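Novice: Let me see the structure of the following:
(chains A and B)
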Amino acid sequence: MTLSKSTKIRLRFFSIIFTIVSIIIFFVYDNLQKNIVYFYSPEDLKNLSVTPVNKIRLGGLVKQNSLKANANSYVFIITDFKNEIFVEYNGLLPNLFAEGKSAVAEGVLRDKKYFVASSILAKHDENYMPPEISNTLKKNELKK
Amino acid sequence: MFGIFKPRTFFNLANNSIFWLKIIFVFTLVVGLVFALVLSPIDYLQKDTVRIMYVHVPSSWIALFIFLIIGVSSFISLIFKIKVFSIYAKSLAPIGLVFSLISIVTGSLWGYPTWGTFWSWDGRLTSMLVLVLSYVLYVSLWLLIKNYNLAEKITNVVGIVGLINIPIIKFSVVWWNTLHQPASITLTAAPTIHSSMLAPLLIMFFCFCILSLIIFLIRYKYEIINFRVNKK
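Specialist: So this is what the prediction gives:
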């Protein structure tokens, strides 16, 4: 394919601009990695040098058999299998909130082990299946 | 091989195929909706709420895919000065805008019963909102700038710059902690959706693709006539 002279100039111009923009995007993205955190895992919070005083989000798995309910007040453990944090919450839980499932709690960290949540969001995973399949999977797991 | 991209050939092809495309669209819509709303099973966790997926996921895919085409067409138009590619992009933009809005609205309606909130500023939701705004910017620039050549150049730049957002949307759930779950269907691994739910999803996706194609062909015919008339 033969390109006209003006097309070649435009292509060269475009490549230069493209390279510069890519480098800028790379740096912006690299910084975003460090700064934009939608939620922290319990392990992240343990490793933070300064305990954050303002509102943050804590995400992880709700530990099996850790949920204690008293009317509308709940205490449970959020874990990432490396570190665990107690979460206290007053209010209504979303429908999909369950032990063994993921959740995101928004609130303040009282100390390194205790989190007071003002709202709870339930996370669900990318697995979709009919109830029968899910029951079979559970049965197979119990047999092991 | 590139003969199909010649405006006249493409125009005739569009004229001849719209009727058949409409028939395929109605057929797949009926089959897809029956499968999605009646025949497919409920989800073990989300129950009937999962049916929102059959509209939400295809809309999001198409919104992303159309912007990808707009970006590539803008590049070809700007660098190689093949004017018809700007007209492809211009004709596609409103379709992408509508599907991205459908994606945001259905996602929000799905989020409330499952996550417990209509909106949250996580990576996926925010980058998807940026896509909607890119579409709004692209479409409104075509409407606002009266000089055709100027509008073409500026929208081409918007199309190419907006392209950067596409991989960000795609990989937002991998790079960052997000409320949105990761992709169920990937090129590298087996889908994590049961086949009885995957089938209606793919039928609905095919159906939405045909619908986009029909609207695109109608809009393309209008834009090409418009272009010819204004040139005289």
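
Novice: quick one, strands of chain A?
Specialist: Under the criterion DSSP state E, chain A contains strands at A:56-62, A:68-70, A:73-79, A:84-90, A:102-111, A:114-122.

Novice: For B:Q46, what are phi and psi?
Specialist: Dihedral angles phi and psi of B:Q46 (degrees, to the nearest 10) take the values phi -90, psi -10.

Novice: Any idea how many residues pack against it?
Specialist: Taking other CB atoms under 10 Å in any protein chain shown as the criterion, the count of residues near B:Q46 is 18. The way it works is simple: take the backbone N, C-alpha and C, and place the C-beta from them, glycine included.

Novice: is the longest helix along chain B anywhere near chain A?
Specialist: With DSSP state H setting the assignment, residue counts place helix B:195-231 as the longest helix in chain B. Yes. Contact of helix B:195-231 with chain A (CB under 8 Å from any CB of the partner chain) involves B:196-197.

Novice: In contact with residue 37, which residues?
Specialist: Just going to use chain A. Applying CB atoms under 8 Å, 6 or more residues apart in numbering or on different chains, one finds that A:V37 lies in contact with A:44, B:176-177.

Novice: switch to chain B, that's the one I care about
Specialist: B:L37 makes contact with B:51, B:54, according to CB under 8 Å, 6+ apart.

Novice: Tell me the secondary structure at B:W119.
Specialist: Assigned with DSSP: H, G, I helix; E, B strand; the rest coil, B:W119 falls in the coil class.

Novice: Would you mind giving me the confidence score for it?
Specialist: Looking at B:W119, its pLDDT is 91.

Novice: can you check the one 5 residues further on too?
Specialist: We have a pLDDT of 91 for B:R124.

Novice: Just the C-alpha atoms of the host helix or strand of it, please, in PDB.
Specialist: With elements taken from DSSP states H and E, the one containing B:R124 is helix B:123-144. This file holds the C-alpha atoms of helix B:123-144, laid out as PDB (Å, rounded to 0.1, in the frame of the first residue of the first chain):
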ATOM      1  CA  GLY B 123     -14.100   1.800  39.300                       C
ATOM      2  CA  ARG B 124     -16.500   0.100  37.000                       C
ATOM      3  CA  LEU B 125     -19.500   2.400  37.600                       C
ATOM      4  CA  THR B 126     -17.400   5.500  37.400                       C
ATOM      5  CA  SER B 127     -15.700   4.500  34.200                       C
ATOM      6  CA  MET B 128     -19.000   3.500  32.600                       C
ATOM      7  CA  LEU B 129     -20.400   7.000  33.500                       C
ATOM      8  CA  VAL B 130     -17.400   8.500  31.700                       C
ATOM      9  CA  LEU B 131     -18.400   6.500  28.600                       C
ATOM     10  CA  VAL B 132     -21.900   7.900  28.800                       C
ATOM     11  CA  LEU B 133     -20.400  11.400  29.000                       C
ATOM     12  CA  SER B 134     -18.100  10.700  26.100                       C
ATOM     13  CA  TYR B 135     -21.100   9.700  24.000                       C
ATOM     14  CA  VAL B 136     -23.000  12.800  25.100                       C
ATOM     15  CA  LEU B 137     -19.900  15.000  24.200                       C
ATOM     16  CA  TYR B 138     -19.500  13.200  20.800                       C
ATOM     17  CA  VAL B 139     -23.200  13.500  19.800                       C
ATOM     18  CA  SER B 140     -23.600  17.100  21.000                       C
ATOM     19  CA  LEU B 141     -20.500  18.300  19.200                       C
ATOM     20  CA  TRP B 142     -21.900  17.000  15.900                       C
ATOM     21  CA  LEU B 143     -25.200  18.900  16.700                       C
ATOM     22  CA  LEU B 144     -23.600  22.100  17.900                       C
END
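
Novice: ok now do the residue in chain A positioned nearest to chain B, which residues does it touch?
Specialist: Of chain A, the residue with the smallest distance to chain B, taken as CB to the nearest CB, is A:P94 at 3.0 Å. With contact set as CB under 8 Å, 6+ apart, A:P94 has these partners: A:120-122, B:114-116.

Novice: And for A:Y128, the neighbour number?
Specialist: By the measure other CB under 10 Å, the count of residues near A:Y128 is 25.

Novice: residues in chain A within reach of chain B, list them.
Specialist: A:7, A:10-11, A:14, A:21, A:25, A:33, A:36-41, A:59, A:93-97, A:101, A:104, A:119-135.

Novice: B:P200 contacts B:T28, doesn't it?
Specialist: No. Using CB atoms under 8 Å, B:P200 is not in contact with B:T28, being 10.8 Å away.

Novice: Show me chain A divided up by domain.
Specialist: Following automatic domain parsing, chain A resolves into domains at A:7-36, A:42-122.

Novice: Pass me the low-pLDDT residue ranges in the chain, would you?
Specialist: Reading this off chain A. Applying pLDDT under 70 to chain A picks out residues A:1, A:33-36, A:144.

Novice: was after chain B, sorry
Specialist: B:1-4, B:232.

Novice: just the helices in chain A please.
Specialist: Taking DSSP H as the criterion, chain A carries its helices at A:5-35, A:42-47, A:131-143.

Novice: tilt between the last one and helix B:195-231?
Specialist: Yep, that's helix A:131-143 we're talking about. Regarding helix A:131-143 and helix B:195-231, their directions subtend 130 degrees when assessed with axes from the mean of the first three to the mean of the last three CA atoms, to 10 degrees.

Novice: count of neighbours near the residue in chain B that chain A sits nearest to?
Specialist: The nearest approach of chain B to chain A comes at B:G116, 3.0 Å away (CB to the nearest CB). Using other CB under 10 Å as the criterion, B:G116 is surrounded by 22 other residues.

Novice: now the helix or strand hosting B:L21 against helix B:195-231, angle please.
Specialist: Taking DSSP H and E as the criterion, B:L21 maps to helix B:7-34. Helix B:7-34 and helix B:195-231 are oriented at 150 degrees to each other (the same axes, to 10 degrees).

Novice: elements contacting helix B:7-34?
Specialist: Counting contacts by 3 or more CB pairs under 8 Å, 6 or more residues apart in numbering or on different chains; DSSP states H and E, helix B:7-34 packs against helix B:84-114, helix B:195-231.
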